[in-house]
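**Student:** what would the 3D arrangement of this be:
(4 chains)
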Amino acid sequence: MVKKLEGVARELIALRIANEIPDGSYANLGIGIPTLVSNWIEGRDVVLEAEVGMLNTGPLAFDEAIDQDLINASCQPVTELPGCSYFSSSESFAMIRGGRMDYAVLGALQVAENGDYAGWNVPSANRGKLGNVGGSMDLAVGARNLFIAMEHYTTSGEPKILKRCTYPITARGVVKKIFTNLAVIDVTPEGLVLREVAAGLTAENVQSVTEAKLIISKDLKEMAL
Amino acid sequence: MVKKLEGVARELIALRIANEIPDGSYANLGIGIPTLVSNWIEGRDVVLEAEVGMLNTGPLAFDEAIDQDLINASCQPVTELPGCSYFSSSESFAMIRGGRMDYAVLGALQVAENGDYAGWNVPSANRGKLGNVGGSMDLAVGARNLFIAMEHYTTSGEPKILKRCTYPITARGVVKKIFTNLAVIDVTPEGLVLREVAAGLTAENVQSVTEAKLIISKDLKEMAL
Amino acid sequence: MDKVFPSVEEAVKDIPDGATVGFTGFFTCGNPVYLTRALAKQGSKNLTIVVMQLGVGNDEINLLLENGQVKKAICNYPFYRSFSRQSLFEQLMKAGKVECELFPMGTFAEKLRAAGAGIPAFYTPTGAGTLLAEGKEARTFNGRECLMETALPLDYGLVHAWKADRMGNVVFRKTARNYNPDVAKAARITIVEAENVVEPGELDPDLIHLPSVYVTRVVKVDRPKINVTIEKS
Amino acid sequence: MDKVFPSVEEAVKDIPDGATVGFTGFFTCGNPVYLTRALAKQGSKNLTIVVMQLGVGNDEINLLLENGQVKKAICNYPFYRSFSRQSLFEQLMKAGKVECELFPMGTFAEKLRAAGAGIPAFYTPTGAGTLLAEGKEARTFNGRECLMETALPLDYGLVHAWKADRMGNVVFRKTARNYNPDVAKAARITIVEAENVVEPGELDPDLIHLPSVYVTRVVKVDRPKINVTIEKS
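**Tutor:** Numbers count the residues shown, from 1 in each chain, chains lettered A, B, ... in the order given. Coordinates of the predicted model:
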């Protein structure tokens, strides 16, 4: 492994993603870095969906604002925004699977150059063929644009952007864009296209911690924050 | 054909059926004689469903009680009963197909001894493979107990209770009981069992206008009105 | 988000020739009367219309048929009840001018629901062994023969609502709800005519029948005056 | 019709050994806490439980696991998020004492919906090509590989409601709705614990989330006091 590359903070990965979601969109945000995206979307004309069965979920609730009957999909107390609505679980996933989410932002353990990604089952966890699959597989196949938000490599320095996933996949060929602390990468039929790198990094730096071959975009830019 | 057998009036066929539906039931009534059953159920603890998307439909509405947003499945203005509810068409048929109707009472053109019945397509109407199928096929397969209510033979004297249906069927092997102006007949694995005959008629009278062979019940009775 | 359009004419302007258009309504109840009239005026041709009935208690569908805008109808109740009475559709159908595909009412509704829910196909016991099973795959589950039916996606869905907010959250009234949620969810572009248009936040979020994500456009209309009968001449 | 039962104990009394029982709730929200405690007290064994999670933010499911009442669990989120933290279920599963069948959350909900809707099986793109596709039929629709999934019918469904009338019409509150309508419709016998019980006619018929036909029994309970977190120890 090369020496550690810092890149941008998790909050800035989230900001970069928020910039990619246009006003007027419906979006679902997963656990982890994706949840942070909501901080940057607050006040904008983007409607967030929560798998538990809510559209137009508002910011987290604290103290006396907590309502035990009002949570997001990560079981955090949240608030309402005007124009919100509630519905059942089957309706929530009818909406997701039916292609009504313009964007889904999910975390991942691995992403492959063919657009596969793995995020629900870690073989080392010794949980066999089980895992917290939750709504990830439905979101992965249902969203019109699936964005992955993650650290570029593991804490032990292993690459997470691979030629092929080695962990059990969540879905095949579904990822549109990858946002990491180091780079923004498009998944295209030709392969992974490196579009942006974090300030101070080169394309070579990013390739050095990426197993899959990166195609360098002709207009490679610094990450747009 | 034998001489015409009068039997009971349509209203009394309806009464006989109403007596067969116990309190605490959910039921759906089709067009024609089945609709008349509702007159005898009024005030009883039976909830009527309308395919249009309503449970606990009340009596017909007239004059200023008519609400253009409140009809039954025959497009008649109706009223609400306490504890009624509205839902979508897909939900209405989820309920019907899902086996939640204890009873469905439908009209028929023909019923066969194997429990098949025909009610949606009359070849002589020259409408080809089309017809007003409406919700009949769903009700036929979904109801826990399917009752057929009809005149025992056609206006031209042809039998309607047959060995096999000659018209296109609505569903196979679904009829539980047949209620006509002349008789009450159970559909059983052994064949059609004649349970009741209208006052003044004999089993032989009923058999004479029935193509299918009738098994005479050991406790054959006069129609219980 | 503000999905309100200034008029029904503007709202249906882009419906192209050849589109598959779904209409809500059960006989006279819950029909998108204003949007349908606007579509008749707009004049797009070769439409596939998806609607419960074909002019039986619904004069607006007859407008489309009169105009020759309809290539094919997908429905569950095509005719007048009386065999002696021919609707305009029946005449056109017998003259070979309009095609028709018939589904049982529950299958019809479920095909729309499937399209909205991302379910490409499902099995139902309804129709097994009948004329309407012809050409369909049959398969037995738990000893019962079922048919495979596929989703029925719509290009446009025309919807009549009691109340809508500007974001597109919708509430229906009594049995006028009927096919409205199903058509709205099955359509790529869903256009709602609403008797009342309110601001986001005015509708109780627990009591919304159709969440905003399914609605593309909202138009304010007057409450229509409906004659509740299917046997009028 | 009056479906009100005097107590949760009476309402769950007839749940037999070997029953398939569905529980509503999403982590801490909308769980039938009183009915589940009563089932733990009642003690029936060899249950197949159908529930989103297995004790993660739901102490009542842990009661059933502790009592050894569970033979098999069908769920979509079985574990604590942290790999280092083992739930009671995880321990029992690894000791071979409880079986588990896992479905993606949307497939899980749709299987319940299908059971309630008389749909024996459906196709979904979710899970195609994954570990969870093993042993399932795959079929391509419109160029996309899908899996056939079957309905998941329940013998009993335990439901937590905000309001119910004596006939069994039910209204839920905010995100506590979640699986409640789906579990209720999938079950042969549906038991509703309701924070408020009212007379028929008091609920607006346009605004009922679960019509009475799906409800077998209703019991009045207090509003539970819930600690909204899944990572408590």
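**Student:** can you give me the buried ones in stretch A:145-161?
**Tutor:** Counting neighbours by 16 or more other C-beta atoms under 10 Å in any protein chain shown, one finds that the buried residues in stretch A:145-161 are A:Asn145, A:Leu146, A:Phe147, A:Ile148, A:Ala149, A:Met150, A:Glu151, A:His152, A:Tyr153, A:Pro159, A:Lys160, A:Ile161. In short, each C-beta sits where N, CA and C put it, glycine included.
**Student:** tell me the secondary structure for the second one?
**Tutor:** This means A:Leu146. strand (DSSP: H, G, I helix; E, B strand; the rest coil).
**Student:** what sits against it?
**Tutor:** For A:Leu146, the residues meeting the contact criterion (C-beta atoms under 8 Å, 6 or more residues apart in numbering or on different chains) are A:Tyr103, A:Ala104, A:Leu106, A:Leu139, A:Ala140, A:Val174, A:Val175, A:Lys176.
**Student:** state the distance from the first one to A:Gly30.
**Tutor:** Remark: distance between A:Tyr103 and A:Gly30 (C-beta to C-beta, to the nearest Å) = 11 Å.
**Student:** residue at max distance from the center of chain C?
**Tutor:** C:Gly143 (33.9 Å; C-alpha atoms, centre = their mean).
**Student:** chain A now?
**Tutor:** Chain A, farthest from centre, C-alpha atoms, centre = their mean: A:Glu64 at 30.9 Å.
**Student:** the longest helix in the chain is where?
**Tutor:** By default, I'm working from chain A. In chain A, taking DSSP state H as the definition, the longest helix is helix A:10-20.
**Student:** I was after chain C.
**Tutor:** helix C:105-117.
**Student:** contact partners for the residue sitting nearest the centre point of chain C?
**Tutor:** Per C-alpha atoms, centre = their mean, the C-alpha nearest to the average position across chain C is that of C:Phe23, at 2.4 Å. By C-beta under 8 Å, 6+ apart, the contact list for C:Phe23 reads C:Asn31, C:Pro32, C:Thr36, C:Ile49, C:Val50, C:Val51, C:Ile61, C:Leu158, C:Val183.
**Student:** next one: C:Leu47
**Tutor:** Per C-beta under 8 Å, 6+ apart, neighbours of C:Leu47: C:Asp17, C:Gly18, C:Ala19, C:Thr20, C:Val21, C:Leu64, C:Gln69, C:Val70, C:Lys71, C:Lys72.
**Student:** try it again at 10 Å.
**Tutor:** C:15-21, C:39, C:64, C:67, C:69-73, C:155-156 (C-beta atoms under 10 Å, 6 or more residues apart in numbering or on different chains).
**Student:** how about the helices in chain A?
**Tutor:** With DSSP H as the criterion, chain A has helices at A:10-20, A:33-41, A:89-97, A:136-142, A:203-208.
**Student:** now render those as JSON lines, adding mean pLDDT.
**Tutor:** Listed next are the helices of chain A as JSON lines, based on pLDDT from 0 to 100:
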{"stretch": "helix A:10-20", "mean pLDDT": "97"}
{"stretch": "helix A:33-41", "mean pLDDT": "95"}
{"stretch": "helix A:89-97", "mean pLDDT": "98"}
{"stretch": "helix A:136-142", "mean pLDDT": "98"}
{"stretch": "helix A:203-208", "mean pLDDT": "97"}
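**Student:** with that, I have no additional questions.
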